[in-house]
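Chemist: Next input, structure requested:
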Amino acid sequence: MALPRQLRDESDFDQLPDDIPISATIADIAEKKGFIVYYQFVIDVKTKGGNKYLIYRRYRQFFTLHQSLELKLGEQSSRYTVTLPTLPGKVFMGNKQEIAENRIPELNTYMKKLLSLPTWVLLDDLIRMFFYQMESDCQQAPRTLRRLRPPTRKVKSVKPKTDLLSSPRAEAMFDFNGSGKLELSLKAGEVIFLLRRVNADWLEGTVRERIGIFPESFVKIIKPLPGSDGEEEEEKGAQVSTYSCLRCSLLQPQGVDPRDVCVEEDLSTQPTYQELLSRMRELFKMEDIALNYRDADGDLVRILDDEDVALMVWESKGQGSKKRPVNQYPWELLVTLATDLTAYNTEY
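Modeler: Next up is the predicted model:
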């Protein structure tokens, strides 16, 4: 019975669309300065059609995916139920970077087992959307992807070519601090002469009489290596993070203290209540505060939980007449002392 079942599974796999993800590996972690500092997992995804791309996901997105899959598969009949892999649990205390690093092996195992489930599970919209490369993924700043770094080899010194203008070369768009002797440190604006392509993400080159490897995402190709797609290489540019502006103000009897906060988040991002509270405490150097917003009638409304945050975001969509910078959130935070009730029904 095993062989027919295997052949049937292979046949099902062959009929999957080419854009279905079949493997995913964490290539690095990336620190993000959003409403709070947190870490994203930089995930290298490969599709059935051979396409490769990077996506950026927080642990909370893994957790939400897992909960949704449990709910969805549990509600269906036993015929369509599968055993989901175990997701590493939440950690509430400790260094955030260390927590993210320690989660990498378990999350790699989780994704491997998840993408090894029956083909009908891979077609589920929840999984497809989680591994889909969204516009926000494409706008992320380049990373070194150290966990995808290829094995290196010793290279003999290279004699300078007489015709430098004909040599394959690239310009560094960002500083890159090489790790150890095998990686080539770069300064933005430097021209690197290319020696070879190591893999899809790393190149080898020479600058300042040093030879080493470096991530391609940190450079702009001026003249590609022989055999490269020249037009694609030359047009490839570095992409930068998306920054958005949040207007917030501290309301006190002696006056109003307005501030603008820059965060590495898209305007569509809805933060949690705890994220906003932590950021405002840090910004105004005060612990005993309350978060508020003004509704359509101009009344001050206190925010107490995530549902109130969602209501604030929703109500802001109906107040589109006010002109704002294109990168500013349509909602504003008004911070008061937690014990100060005089601010309510008061115009500032």
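Chemist: wait, residue 267 sits on residue 317?
Modeler: No. The pair residue 267 and residue 317 fails to qualify as a contact (CB atoms under 8 Å) at a distance of 11.6 Å. Quick note: C-beta positions are derived from backbone N, CA and C, even for glycine.
Chemist: what helix or strand does the residue nearest to residue 184 when sequence neighbours are not counted sit in?
Modeler: Leaving out its chain neighbours, the residue that sits closest to residue 184 by CB to CB, 6 or more residues apart in numbering is residue 212, at 3.1 Å. Per DSSP states H and E: residue 212 is located in strand 210-215.
Chemist: List every C-alpha atom in the helix or strand hosting residue 129, with coordinates, as CSV.
Modeler: Using DSSP H and E, residue 129 sits within helix 125-130. Taking C-alpha atoms only, helix 125-130 is exported to CSV below (Å, rounded to 0.1, in the frame of the first residue of the first chain):
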residue,chain,number,x,y,z
ASP,A,125,-4.8,30.3,1.9
LEU,A,126,-3.5,30.7,5.5
ILE,A,127,-0.2,29.1,4.5
ARG,A,128,0.1,30.7,1.1
MET,A,129,-0.4,34.2,2.5
PHE,A,130,2.1,33.6,5.3
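Chemist: From the contact counts, what lies against the helix or strand following that helix?
Modeler: Per DSSP H and E, helix 125-130 leads on to helix 135-138 as the next helix or strand towards the C-terminus. Helix 135-138 is packed against strand 52-57, with contacts defined by 3 or more CB pairs under 8 Å, 6 or more residues apart in numbering; DSSP states H and E.
Chemist: which outside residues touch the strand it packs on?
Modeler: Residues outside strand 52-57 that contact it (CB atoms under 8 Å, 6 or more residues apart in numbering): 27, 30, 40-46, 130-134, 136-137, 140, 143, 145, 200.
Chemist: List the buried residues in that strand.
Modeler: 54, 55, 56, 57 (16 or more other CB atoms under 10 Å).
Chemist: Tell me the bridge partners for the last one.
Modeler: Using DSSP bridges, the bridge partners assigned to residue 57 are residue 41.
Chemist: Find me the pLDDT at it, would you?
Modeler: We note a pLDDT of 93 for residue 57 in this prediction.
Chemist: Residue 140 - that's part of a strand, no?
Modeler: No. Residue 140: not assigned to a strand; according to DSSP: H, G, I helix; E, B strand; the rest coil it is coil.
Chemist: Show me the shaky parts of the stretch 151-300 of the chain.
Modeler: Low-confidence segments of the stretch 151-300 of the chain (pLDDT under 70): 151-166, 180, 228-243.
Chemist: Now do the helices in it.
Modeler: Along the stretch 151-300 of the chain, counting by DSSP state H, counting those that start in this stretch, helices occupy 230-235, 273-284.
Chemist: Would you give the sheet partners of whichever strand in the chain runs longest, along with the direction of each?
Modeler: Determined from DSSP state E, the single longest strand within the chain is strand 21-33. With DSSP bridges as the test, strand 21-33 is paired with strand 37-47 (antiparallel).
Chemist: which non-adjacent residue is nearest residue 330?
Modeler: Closest to residue 330 by CB to CB, 6+ apart is residue 316, at 4.2 Å.
Chemist: Equivalent analysis for residue 31, please.
Modeler: residue 39 (5.8 Å).
Chemist: ok, how many other residues are close to the one you found?
Modeler: Look at residue 39: counted by other CB atoms under 10 Å, it has 18 neighbours.
Chemist: cool, and residue 221?
Modeler: For residue 221, using other CB under 10 Å, the count is 23.
Chemist: Help me confirm that it comes into contact with residue 170.
Modeler: Yes. With contacts counted by CB under 8 Å, residue 221 reaches residue 170, the gap being 5.0 Å.
Chemist: Dump stretch 288-295 to PDB, keeping only the CA atoms.
Modeler: The C-alpha coordinates for stretch 288-295 follow below in PDB (Å, rounded to 0.1, in the frame of the first residue of the first chain):
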ATOM      1  CA  ASP A 288       1.900  56.500  35.200                       C
ATOM      2  CA  ILE A 289       0.300  57.600  31.900                       C
ATOM      3  CA  ALA A 290      -2.900  56.900  30.000                       C
ATOM      4  CA  LEU A 291      -3.300  56.800  26.200                       C
ATOM      5  CA  ASN A 292      -6.200  58.600  24.500                       C
ATOM      6  CA  TYR A 293      -7.500  59.800  21.100                       C
ATOM      7  CA  ARG A 294     -10.100  62.200  19.900                       C
ATOM      8  CA  ASP A 295     -13.200  60.900  18.300                       C
END
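Chemist: Now that stretch: buried residues?
Modeler: 289, 290, 291, 292, 293, 294.
Chemist: Relative to residue 310, how far out is the fourth one?
Modeler: It refers to residue 292. Residue 292 is 15 Å from residue 310, where distance means CB to CB, to the nearest Å.
Chemist: now swap in the fifth one and tell me
Modeler: Applying CB to CB, one obtains 12 Å for the distance of residue 293 from residue 310.
Chemist: How about the first one?
Modeler: When CB to CB is the yardstick, residue 289 and residue 310 sit 20 Å from each other.
Chemist: cool, and the last one?
Modeler: Counting by CB to CB, the gap between residue 294 and residue 310 amounts to 16 Å.
Chemist: same deal with the second one?
Modeler: In this structure, residue 290 and residue 310 are 18 Å apart, going by CB to CB.
Chemist: What of residue 193?
Modeler: Taking CB to CB, one finds residue 193 at 53 Å from residue 310.
Chemist: do the same with residue 218
Modeler: 39 Å.
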